[in-house]
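Peer 1: what would the 3D arrangement of this be:
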Amino acid sequence: MFQQIERRPPDPILGLSAAYKKDSNPNKIDLGVGVYKDESGNTPVVSAIKKAEQLLWNSEDSKSYIAQAGPEGFLSETALMILGKDSASLSDKRACSVLAPGGSGALRVIAEFVSKNFPNTKTWVSSPTWANHVPLLSSAGLVLQEYPYYNYETHEIQFEQMMDTLKQAGKGDLVLLHGCCHNPCGGDLSQEQWQAVAEAAEKQGFTPFIDLAYQGLGDGLEEDVSGLRLLAERLPELLIASSCSKNFGLYRERTGAVTLVGETAEQVSASQSQILSTARQIYSMPPSHGAALVEIVLRDAQLKTEWLNELTEMRDRINGLRRELVSKLKEAGVDADFSFIEREKGMFSFLGLSVEQVQKLISDYSVYLVNSSRINVAGINKANIDYLVDAIARVL
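Peer 2: A predicted model of the protein is given here:
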């Protein structure tokens, strides 16, 4: 059976990580894999999560299956964090959430749910978008179309072109939007632009599909979902895939959620039953550990404050690195204008380098980044920023 199996090439980003680990250069820098790193280059366990683990260790008395939808406390707290305490969809029971194995699992469950109930649904995705969106969604049966989003030359969102293209999106279509901290470009919609998207959805009837992977790492926990909440207030339907990997540091625990907003409580209840059926067919029962930790943190006032403080430190560090990188590149006499990096949000930005220049950074300076020149800003620290700036300056 296996004689005809062909070896697939390694994932571009995961392959970079493997090459980085083998590199013996003491000055090597990993700007590829999208995980938060502290000043020491480590991805730490969030202190509030560490304390929640101890509480869970002391109180958990069974490893039996949990409810298929997930722990009720996790689901209600997650929906509240995303939609807000004043959400009419929550008070009217027009929203439901289901625990999923990470943000990617949430995306896949939504894709399978939509594909099963609405075959050949057209889904509009931004160009560029997260590299795994295309294979993850298309392999579930969704038909993908691109809309322009980012101008590589001006490093700005092509909003007029985006909206012109989305005039083709109609009832029964999904439009995939990054809730905040766009991966890979870091360019986020303004509130006025979210308003325009809401008006187009109202007029044309398409359903927004929000990938919310970085809530709290842009401008703030509440600020980062202001656009999403505007859509939830104005539109009858919304699909959201959220992740706890970045803001809670639960990468390996694979903790995410599917949240659906519908027009009536009855429609939402029916939709949730179909989502649960879809999940049952994919992975049967959900994981528990990460969701239990999130529930403990969000329901304990002291731990929640501690987590919010640490999230603020992470966000401030990333934004500070953006400013410092721009400043040091200017001080190094680099002619190119990198000020756009300071205006962008979250962990990612494009440097605007060619593939040849990227490859030179890797081969000559052991600075690892993907060919698109997307960098993980959190991979920079005070110990390596001068070396990075010098390497970029030499390559340019």
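Peer 1: tell me the spacing between the residue most central in space within the chain and residue 373.
Peer 2: Central residue of the chain (Cα atoms, centre = their mean): residue 213, 2.6 Å from the mean position. Using Cβ to Cβ, to the nearest Å, residue 213 is found at 21 Å from residue 373. The way it works is simple: take the backbone N, C-alpha and C, and place the C-beta from them, glycine included.
Peer 1: and what of residue 57?
Peer 2: 44 Å.
Peer 1: what do you get for residue 273?
Peer 2: 45 Å.
Peer 1: the two: who's more crowded?
Peer 2: Neighbours per residue, other Cβ atoms under 10 Å: of residue 273 and residue 373, the larger number sits with residue 373, 19 against 11.
Peer 1: I figured that one hits residue 341, correct?
Peer 2: No - distance between residue 373 and residue 341: 11.4 Å, which falls outside the contact criterion (Cβ atoms under 8 Å).
Peer 1: sorry, back to before: roughly how far apart are the residue nearest to the centre of the chain and residue 224?
Peer 2: According to Cβ to Cβ, residue 213 stands 11 Å off from residue 224.
Peer 1: which residues touch the strand or helix carrying residue 79?
Peer 2: Applying DSSP states H and E as the criterion places residue 79 in helix 72-83. Counting contacts by Cβ atoms under 8 Å, 6 or more residues apart in numbering, the residues outside helix 72-83 that touch it are 69, 87, 89-90, 95-99, 212, 215, 221, 225, 228-229, 232, 240, 242, 257, 259, 261, 291-292, 294-295, 298-299.
Peer 1: and the buried ones among the residues you listed, selectable in ChimeraX?
Peer 2: Those of these that count as buried under 16 or more other Cβ atoms under 10 Å are selected in ChimeraX with:
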select :69,87,89,90,95,96,97,98,99,212,215,221,225,228,229,232,240,242,257,259,261,291,292,294,295,298
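Peer 1: next step: the contacts of helix 72-83 restricted to helices.
Peer 2: Using DSSP state H, the subset of the contacts of helix 72-83 located in helices is 89, 90, 228, 229, 232, 291, 292, 294, 295, 298, 299.
Peer 1: is it possible to export the residues you listed to TSV including pLDDT and distance to residue 5?
Peer 2: As requested, the ones in helices among the contacts of helix 72-83 are arranged in TSV below (pLDDT from 0 to 100; distance: Cβ to Cβ, whole Å):
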residue	pLDDT	distance to residue 5
89	97	47
90	98	48
228	98	42
229	98	47
232	98	46
291	98	36
292	98	39
294	98	39
295	98	42
298	98	45
299	98	48
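Peer 1: closest one of the residues you listed to residue 1?
Peer 2: Using Cβ to Cβ, residue 291 is the member of the ones in helices among the contacts of helix 72-83 that lies nearest residue 1, at 37.6 Å.
Peer 1: that closest one is in contact with residue 100, isn't it?
Peer 2: No - with contact defined as Cβ under 8 Å, residue 291 does not count as touching residue 100 (9.7 Å).
Peer 1: now the lowest-mean-pLDDT helix or strand in the chain, how far from the centre of its chain.
Peer 2: Averaged element by element with mean pLDDT, DSSP states H and E, the chain has its least confident helix or strand at helix 12-22 (a mean of 86). The gap between where helix 12-22 is centred and where its chain is centred comes out at 21 Å by Cα atoms, centre = their mean, to the nearest Å.
Peer 1: so how many other residues sit close to the closest residue to residue 292 other than its chain neighbours?
Peer 2: Nearest residue to residue 292, sequence neighbours excluded (Cβ to Cβ, 6 or more residues apart in numbering): residue 56, at 5.5 Å. Residue neighbour count, defined by other Cβ under 10 Å, stands at 15 for residue 56.
Peer 1: repeat that for the one 4 residues further on.
Peer 2: Using other Cβ under 10 Å as the criterion, residue 60 is surrounded by 11 other residues.
Peer 1: so how far is residue 88 from it?
Peer 2: Applying Cβ to Cβ to residue 60 and residue 88 gives a distance of 36 Å.
Peer 1: next: residue 27.
Peer 2: According to Cβ to Cβ, residue 27 stands 54 Å off from residue 88.
Peer 1: which other helices and strands contact the lengthiest helix in the chain?
Peer 2: Selection of the longest helix in the chain by residue count, based on DSSP H, yields helix 301-331. If contacts are counted by 3 or more Cβ pairs under 8 Å, 6 or more residues apart in numbering; DSSP states H and E, helix 301-331 sits against helix 47-59, helix 289-299, helix 340-343, helix 385-395.
Peer 1: could you give me the average pLDDT of the longest one?
Peer 2: Here helix 47-59 scores 98 as its mean pLDDT.
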